Structures are given as structure tokens and as C-alpha cells.
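[1] With the sequence up front, the predicted model follows.
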Amino acid sequence: MSEGGAVETTVETIETVPTMEKSLIAVIAVIAASLLIPLTGNKYALYLSTKIWILILYAIAFNVLFGYSGLLSFGHALFFSGSAYTLAILVARLDYPLVVGFILGIAAATLFSAVVGTLSLRHREIHFAMVTLAFSMLFWGIVMKWRDVTGGEDGITGFPRGFSMFWFYYFTVLVVVICSYLMYRFVKSDIGLILEGIRENETRVQFSGHSTLKYRLYAMIVSGTFTGVAGVLWALLDRTVTPTIAHWTFSAIPVIVTLLGGPQSFIGPAVGTIVYVIIQDLITKYTLYWQFIFGVAIVAVVLFFRGGVVGIVERYLRGR
Amino acid sequence: MDPGAIAFQLIIGIATAMLYWIVSSGLTFTFGVTRILNFAHGAFYMLGAYFTLTFFEVIGNYMVALLVGSLLVGLIGAGCERAFISKIYHLPVPFQLVLTFGLILIFEDMVRMVWGAVPRMMMAQFTGSLSVFGRTLPMFSIYIIIAGVLIALLLYYVLSRTYWGMQIRAITADPEMAMCCGLNPSFLYATAFMFGAFLAGLGGGLTLPISSAAPGMGENIIIYAFIVTVIGGLGSIKGAFISALIIGIIEALGAFFVPWLAIALPYIALSAVLLLRPEGIFGEV
């Protein structure tokens, strides 16, 4: 909860610095503030903020493909659950060390994204969304049916986390910050620039001699791989993997939080994630019907605030 | 291999296919006219089941309850179009998908508020069974096949023989020209949405004899409806009918020959079609 507040207050107080540095300072302030959370000793806040960090990585990774390349994937649960299940199967079923499971889990996500990307990137818009959806639901079907290996609906338990909850939080923050920085460098690189060009006008980029398919595939693999990092962290946090994370409704989460936060900025998805988890958590304290309120929020964002939360803050700052 | 068993599986597959067809027909119809891929179609399906259930408890006649319930869903669909969907025609696809996804969340919780979170069963209907090829075929399979064929005929009649259907075809083919001829797009889009929601409601009401009404039921069927419509070609009604048959039969025969693979078969079919023919079997562009 402190995180959501920190974003706004920091952004408001520093007025003289240019926007870029402003948001950088805000981000650093939020990260610094969040490092204090485990010290409060509140187990629930610790669990919730670890979860937020992992979902932030998931959302930012998704937005590399969506916001910067203009490709709406409705199947990112495949990369998320693919890496989580790979880790769980390697460690719990085949007795590999945790580190091996962690690395091979991420590698599995890379592989999946390369394969799905190769097969699906010919398509655009709705069709791309549907193909990615189909592949991820195919994986979901396998997870549900191949009980001997995946445990079916029960999932897989019985693998260690490797850290206490306390240190796992710091490990998660470290991994998420490093991964986010790498993705930031990626979208600000020449490749990122070409991707934005493709998003705006594909034909022109093709005329300047670039294979747009190749760059889209890069974006897909980067996005899928970092989604895989989020997946293995998620598996370690709960020390359980269940088919929930493979179902298409889990692919909808990054789509929603990205639109909620604002797809046009790099930290938009992170802001959206914080808002999403906190709204969900606060509302469920008072009413069972958090979905209803959340649905209303989504509809309102699409109808009235298409820049997302980041867009609102920016408009507010500019207005002064 | 016993030919009787295969023929029996075929009938079961066609029955499943007809359910997919009824739900997909509304989805693909709405998309064809408005170019909106409507996630909330699953919510209309769910509402259809609950309305039918409630009207049945009041009226006691399943057929009447089904019709009244689905018509009510149609009205809600038209209301949604006027209130929300009509505001997003010009937006990029992701916004459209997410808004209709938001509608699902809203409707699901409203259903939980009104009817509770526990799945509700209807009093037994169509309980009889036939003996086919030495196996027991539930009467329900026969009824759903009849219903599917009737709905196909209804769609054919409405679209090719009525004035409204003619207007709908005109605005689908060339919205600008249709408007120049004096057609009212707001009216047509709203009524098209109403008709699509009505079909979704029918699908929901028709499943009641074999499955209970539950808040999450729309989320599962909508994926099948997507698969069917994409394979058939988005916006193609004929395509939806054919691809529903393909998916239903593949599933039923798959459950018989390769049970461990059955759940994956629709997705394999979808991937295959999209790779070979991205626009779907009867798709354009």
C-alpha cells in the first residue's frame, strides 16, 4: 500500500527536474521504500509485495511485446506456466538441484516463445491473439491431462524455495529490478526503435530494408523469456504449481494491468500491477464481489482514461 | 474396431458440435456486422442459463422459459451495445477485447449476487434415452441436434428472407454505402448485438438439462466459441457451422481413439488451420 502512495507523492513534489529523471527518481524511491517492507515483520504484507514484484515483471515483459511492438498476446500464461512447470518437474519429480530447475525453467520459456513466435508472427491483431491463446490453452490441456508428470488439477508440490520468505523477497526484488533494467535497455536500443517503427508503420520499415518478422521474433523471445523468469519466481514463492497459471484467464492479467497502468510508458504496467493487486486486496476485505468493482474500473479505463493511471498522472502534472 | 461404436461416437460428436454452433453463431454474427470480438458473449450464455432456470421455476414450461429467457438476454445485449460497445467501435482491438472482458467480470459477479455462487441444477428435462447401436443415447443429444438445425434454418431465413436481414447484409458488406442509402447504423448494430446475445442466451438455456448453471460457465464456453469462429473464418456463419461440426466430431472421435489427447485436439485443429489458412476456412481477406 505504501508503494501506491509513494508513486504519486514523489512525482508531485519534484517539479523542476525533466520528466525522465522525475520518473527515474520516483522509481528508485519506490524500490527503496519497498525494501523496508520485510522489516515490518508483517508476513501478509511480505507475501503480497513479493507477489506484486513478480506480477510486475510479468506485466513489463508482456508489454515489451504489446506496448513496444503492438502485438497483443493472449497466451503469455504459456511462458509463465511453462517455466514454472519445468522447474517443478525437474526439482520435485526428477530431483535436480533448484538452480538447475531455475535456469532450465527460464530456458524452457525461451524455447516456447521461439517456437510460438515462429508459428504465430505471420498473424496480426485478433488472429495473433487467437493463435497465442490456442497454443497456451493447448499447454493447459496437456497440464490437465498428463497427470503422471504434471499432477493434473492438483498440480505439483514438494520442492524447496531455497530461501526463507524474508530473503526470498530481496532475491525477488533483485531479479525483477535487473530483468526490468535489461528490458528497458532492450526497448531503448536500436532494435526497440525498429520495433516501435514497425508498430507505427510496418511497410515503411520494410522499405528501409529490415526484416520485420525477425525483429518481432526478437521481441517475442525477450518477452517470453522474462515472463519465464516471473514464472519460476512464482513457483518458488508458493512452492506449488497448479493449472490456474496455465489457463487463459491468467494471460488476461498482464493485458488488464498494462491497460490499467498505461501501455505507452515503460513503468505503466508496473503501476497498473500495483493498483490491480491492491484494489483486489482492499476490496476483498469488504466485499466478495471484487470482480464487479474491477470490471467497472476496466470499463471506465477503456471508455474515459485510455492513457491509464500513468496517463492521468501525466495529464495532471502538465495541467499545473 | 466396432463400426457401431464409431457411429455412436459420431452422433455424440454432432450433438456437442450443435452446442458449439449455437454459441458460436451469435459470436460470429455479431463480429461480422460490428467487427467487435465479444468476450462478453460468454456472459450472455451464462445469463441465458440463469434466466431460463428462473423462468422455468416460475412458469414450469421449459420451452417458454427458454424463449423468454433468451429474449431477455437479447435485450440486455442491446442495452450493452448502446451503453458501452457503441463507444468503442473506433478503438484499437486490445481496448475492445479488454472492455468486453470487463463486462464478463461485471456480469459474473451480478449473477453471484442474485443467484449465489453455488451451481444450480434444473429439474430434470429430456430424461429419456434411446438405444442406438446397442448403446444408450440420451434423448438430450437428439434434442440439441434438432435445436441446432432449427437455429441454422432460422439464421438462414432471417438473413436471406427478411428486410432486416437484408439491411444487416448491406451494412456488413459496405457500411458507408449502406449509410448513404439511408440505413440507420445505430439501430442495425444494436439489433445485431441483440440477436447475437439472444443466440448466446439460447445456447446457455439449452445446456441446462445436462449441466448446471454456474458463474464461471461463460469463461469456458467462450474459448470454444472463439476456436470455432476462428477456424470457420471470423464473421462467417456458414464457416461457424462447418467448423463446429469439425471440432465436435474430432473431439468425440478423439475421446474414443486417443483419450489422452482429446482435450488438446481442438487447439491442435485451430493451430493447424491458422498455420495453413490464417483467415479460416470460409474467411475473407
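    Ah, there it is.

[2] just the helices in chain B please.
    For chain B, helices defined by DSSP state H occupy the ranges B:3-34, B:41-59, B:62-83, B:93-115, B:139-161, B:163-173, B:175-180, B:185-207, B:217-232, B:237-257, B:265-276.

[3] ok and the first one relative to helix B:185-207, angle-wise?
    Taking axes from the mean of the first three to the mean of the last three CA atoms, to 10 degrees, one finds that helix B:3-34 is oriented at 160 degrees with respect to helix B:185-207.

[4] check whether helix B:3-34 contacts chain A.
    No. Judged by CB under 8 Å from any CB of the partner chain, helix B:3-34 stays clear of chain A, getting no closer than 9.0 Å. No exception for glycine: its C-beta is placed from N, CA and C like everyone else's.

[5] can you pull out the strands in the stretch 201-320 of chain A?
    A:240-241 (DSSP state E, counting those that start in this stretch).

[6] Tell me the residues of it that contact chain B?
    Counting by CB under 8 Å from any CB, the residues of the stretch 201-320 of chain A near chain B are A:248-249, A:252, A:255-256, A:259, A:288-289, A:291-292, A:294-299, A:302-303, A:306.

[7] What subset of those residues is buried?
    A:248, A:252, A:255-256, A:259, A:289, A:291-292, A:294-295, A:297-299, A:302-303 (16 or more other CB atoms under 10 Å in any protein chain shown).

[8] and the residues you listed, which two are the farthest apart?
    Taking CB to CB as the measure, these span a maximum distance of 24.2 Å, between A:248 and A:303.

[9] What residues does the residue lying closest to residue B:238 once chain neighbours are set aside make contact with?
    Of all residues not flanking residue B:238 in the chain, residue B:282 sits nearest, at 5.5 Å (CB to CB, 6 or more residues apart in numbering or on different chains). With contact set as CB atoms under 8 Å, 6 or more residues apart in numbering or on different chains, residue B:282 has these partners: B:232, B:233, B:236, B:238, B:239, B:242.

[10] Looking at the helices of chain B, which is nearest to residue A:36?
    helix B:93-115 (33.6 Å).

[11] ok, the spatially most central residue of chain A to residue A:231 distance?
    In chain A, the residue lying closest to the centroid (CA atoms, centre = their mean) is residue A:58, at 1.5 Å. Distance from residue A:58 to residue A:231, counting by CB to CB, to the nearest Å: 8 Å.

[12] Overlap of the contact sets of the two?
    In contact with both residue A:58 and residue A:231: residue A:80, using CB under 8 Å, 6+ apart.

[13] tell me the average confidence for stretch B:278-285?
    Average pLDDT, stretch B:278-285: 72.

[14] So which helix or strand of the chain has the lowest pLDDT on average?
    Just going to use chain A. Within chain A, no helix or strand scores below helix A:2-13, which has a mean of 39 by mean pLDDT, DSSP states H and E.

[15] hmm, I had chain B in mind actually
    Per mean pLDDT, DSSP H and E, bottom of the list for chain B is strand B:129-132, a mean of 73.

[16] Which strands and helices lie in contact with that strand?
    Using 3 or more CB pairs under 8 Å, 6 or more residues apart in numbering or on different chains; DSSP states H and E as the contact test, the elements touching strand B:129-132 are helix B:3-34, strand B:135-138, helix B:139-161.

[17] Of those, which is nearest residue A:271?
    helix B:3-34 (32.1 Å).

[18] What residues sit buried inside that closest one?
    B:8-9, B:11-34.

[19] ok, so of the contacts of residue B:282, who is nearest chain A?
    Among these, residue B:233 lies closest to chain A (CB to the nearest CB), at 10.9 Å.

[20] Quick check: pLDDT value at the closest one.
    pLDDT for residue B:233: 86.

[21] Enumerate every residue touching it.
    Taking CB under 8 Å, 6+ apart, one finds B:239, B:279, B:280, B:281, B:282, B:283, B:284 in contact with residue B:233.

[22] For the residue nearest to residue B:141 when sequence neighbours are not counted, give me the pLDDT.
    What sits nearest to residue B:141 in space, not counting adjacent residues and going by CB to CB, 6+ apart, is residue B:15, at 3.8 Å. At residue B:15, the model reports a pLDDT of 90.

[23] Provide a list of residues in contact with residue B:15.
    By CB under 8 Å, 6+ apart, the neighbours of residue B:15 are B:140, B:141, B:142, B:144, B:145, B:248.

[24] change it to 6 Å
    Counting by CB atoms under 6 Å, 6 or more residues apart in numbering or on different chains, residue B:15 makes contact with B:141, B:144, B:145.

[25] Can you select the buried ones among these for me in PyMOL?
    The PyMOL command for the buried members of these (criterion: 16+ other CB under 10 Å) is given here:
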select buried, chain B and resi 141+144+145
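
[26] ok, of the contacts of residue B:15, which one's closest to residue A:227?
    For those, the nearest to residue A:227 is residue B:144 (39.9 Å; CB to CB).

[27] That closest one: what's it in contact with?
    Under the contact definition (CB under 6 Å, 6+ apart), the residues listed for residue B:144 are B:15, B:18, B:19.

[28] any idea how far the second one is from residue B:141?
    So the one you mean is residue B:18. 9 Å.

[29] again, but for the last one
    Remark: distance between residue B:19 and residue B:141 (CB to CB) = 10 Å.

[30] Out of the helices and strands packed on strand B:129-132, the one nearest residue A:281 is which?
    Closest approach to residue A:281 among the helices and strands packed on strand B:129-132 (CB to CB): helix B:3-34, 34.0 Å.

[31] just how off-centre is that closest one within its chain?
    Taking CA atoms, centre = their mean, to the nearest Å, one finds helix B:3-34 lying 9 Å from the centre of the chain it belongs to.

[32] got it, and stretch B:241-257?
    16 Å.

[33] can you count the residues close to the nearest residue to residue B:169 once chain neighbours are set aside?
    Excluding the flanking residues, the one nearest residue B:169 by CB to CB, 6+ apart is residue B:159, at 6.3 Å. Counted with other CB atoms under 10 Å in any protein chain shown, the neighbours of residue B:159 add up to 18.

[34] hang on, residue B:159 packs against residue B:167?
    No. At 10.3 Å, residue B:159 does not count as touching residue B:167 under the criterion of CB atoms under 6 Å.

[35] In terms of mean pLDDT, which of the helices and strands packed on strand B:129-132 ranks lowest?
    Among the helices and strands packed on strand B:129-132, strand B:135-138 has the lowest mean pLDDT, at a mean of 78.

[36] what sits against residue A:233?
    Contacts of residue A:233 (CB under 6 Å, 6+ apart): A:54, A:172.

[37] Close to chain B: what parts of the stretch 1-150 of chain A are there?
    Contacts of the stretch 1-150 of chain A with chain B, taken as CB under 6 Å from any CB of the partner chain, map to A:72, A:123, A:125, A:126, A:127, A:130, A:131, A:134, A:137, A:138, A:141, A:145.

[38] correct me, but the third one touches residue B:93?
    Yes. With contact defined as CB under 6 Å, residue A:125 reaches residue B:93; the gap is 4.9 Å.

[39] And the strands in the stretch 51-200 of chain A?
    A:156-157.

[40] Show the low-confidence segments of it, by residue range.
    Counting by pLDDT under 70, the stretch 51-200 of chain A contains no low-confidence segment.

[41] Quick one: the helices in it, in order.
    For the stretch 51-200 of chain A, applying DSSP state H, counting those that start in this stretch gives helices covering A:77-88, A:98-120, A:125-145, A:147-150, A:165-188, A:190-200.

[42] out of the ones you listed, nearest to residue B:192?
    Across the helices of the stretch 51-200 of chain A, residue B:192 has its closest neighbour in helix A:125-145 (18.3 Å, CB to CB).

[43] Quick one: distance of the closest one to the chain centre.
    Its chain's C-alpha centre and that of helix A:125-145 lie 18 Å apart, by CA atoms, centre = their mean.
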